[in-house]
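**Student:** Give me a 3D structure for the following:
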Amino acid sequence: MNILFSGNDKVFDGIMMCLLSIIMRSDSPFPLNVYVLTMDATYLKEEYIAISDEKIDYLNTVVKEFNSEHNITKIDVTDIYKKEFLNSPNEQCYCSPYTLLRLFIDTIDNIPDKILYLDVDLMICKDLRKLYDIDITDYEYAAAGDHYGNFLISPNYINAGVLLFNMVKCKETGLFDKAREIIKTRKYLFADQDAIWHSTTKKMKLPHIFNDQKFLYKDTVIRHFSKRLFYLPYPHTENIKQWHINRMIRVFGYTCFDDIIYKYIYYKERYSHEQQINA
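**Tutor:** The predicted structure follows:
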């Protein structure tokens, strides 16, 4: 199963928790082939540094304890980004420029024909093959609707936090070429998400269970901890991620992730201990 993440050095916790949830919610052992796109963009913000080789090596150590065939590969796309998007209208986009990196995957030689892009603020609740094994031969990608965008933008609008790509079809239609051109020429609120949506020739719309952005249901496969609106005690938004453990439990009351959280805390503390020893 081919998985794609994207981000800077701060995505370490999110990737670790998401990977642990994939592995620990699997019904049967299978190898994960994970790619992490990253770049150095410190010219934009001081904290925009590429995820370190050291952290990728540690994540590899963690996943291989579950299955020796799991593998994580870091791909630095700094040069590609600067060539394509330097000073583009969307460089200071809503989330971060790291959301734009997935628009380069058609230019990377070792990206497989079928790959599942995941935001790092996700937790897997059931076997991820329920999603990955869906046949998308005739589609560029499969994606669920955006909880708010389906009301505010279009009933066909998608959330780009979970994207199952058919790279063969994407290259045939030029999906990423069109999306990159949009990013370079027009400012969008949700940047890459809007660019992908506007560039789509044919997509498969997935049920919300594959990208639940607000609630957790009995049949939810993926819970997406995206920014959401709360009405009490007054209308406001909060951006609670799964690694904000105390807030996540206090606000949502979830206990279904307890075993994953315990593992995450163990591996995070082990990483900190190893850092102190090597300092």
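
**Student:** burial of Glu91, as a residue count?
**Tutor:** Counted by other Cβ atoms under 10 Å, the residues lying close to Glu91 total 17. The way it works is simple: take the backbone N, C-alpha and C, and place the C-beta from them, glycine included.

**Student:** what kind of secondary structure is it in?
**Tutor:** Here Glu91 is coil, with the state taken from DSSP: H, G, I helix; E, B strand; the rest coil.

**Student:** Enumerate every residue touching the residue nearest to Glu69 when sequence neighbours are not counted.
**Tutor:** Nearest non-adjacent residue to Glu69, counting by Cβ to Cβ, 6 or more residues apart in numbering: Pro31, 3.7 Å away. Taking Cβ atoms under 8 Å, 6 or more residues apart in numbering as the criterion, Pro31 is in contact with 1, 67, 69-71.

**Student:** Can you give the strand pairings for the helix or strand containing Ile72, parallel or anti for each?
**Tutor:** Using DSSP states H and E, Ile72 falls within strand 71-76. Applying DSSP bridges to the sheet, strand 71-76 is found paired with strand 33-38 (parallel).

**Student:** Contacts for the strand it pairs with next, please.
**Tutor:** 1-9, 11, 15, 19, 50-51, 56, 63, 70-77, 98, 101-102, 104-105, 111-112, 115.

**Student:** Drop anything exposed from the residues you listed.
**Tutor:** Burial by neighbour count, judged by 16 or more other Cβ atoms under 10 Å, picks out 1-8, 11, 15, 19, 50-51, 56, 63, 70, 72, 74-75, 77, 98, 101-102, 104-105, 111, 115 from those.

**Student:** three-state assignment of Leu44?
**Tutor:** coil.

**Student:** isn't it right up against Leu86?
**Tutor:** No - in this structure Leu44 lies outside contact range of Leu86 using Cβ atoms under 8 Å: 10.0 Å.

**Student:** Could you pull out the buried residues of the longest helix out of those in the chain?
**Tutor:** In the chain, assigned by DSSP state H, the helix with the most residues is helix 258-278. For helix 258-278, a neighbour-count test (16+ other Cβ under 10 Å) marks 260-261, 263-264, 267-268, 271 as buried.

**Student:** Give me the phi and psi for the residue nearest to Asp194 when sequence neighbours are not counted.
**Tutor:** Spatial nearest neighbour of Asp194, chain neighbours left out: Tyr188 (3.9 Å); criterion: Cβ to Cβ, 6+ apart. Main-chain dihedrals, Tyr188, degrees, to the nearest 10: phi -130, psi 150.

**Student:** Tyr188 reaches Trp197, doesn't it?
**Tutor:** No - using Cβ under 8 Å, Tyr188 is not in contact with Trp197, being 9.5 Å away.

**Student:** related to what we said a few turns ago, element containing the residue nearest to Glu69, please.
**Tutor:** Pro31 belongs to no helix or strand when assigned by DSSP H and E.

**Student:** Compute the distance between it and Ile222, please.
**Tutor:** Relative to Ile222, Pro31 is positioned 20 Å away (Cβ to Cβ, to the nearest Å).

**Student:** Tell me the pLDDT of the residue nearest to Glu69.
**Tutor:** pLDDT, Pro31: 95.

**Student:** Check the gap between it and Ile124 for me.
**Tutor:** Pro31 sits 16 Å away from Ile124, going by Cβ to Cβ.
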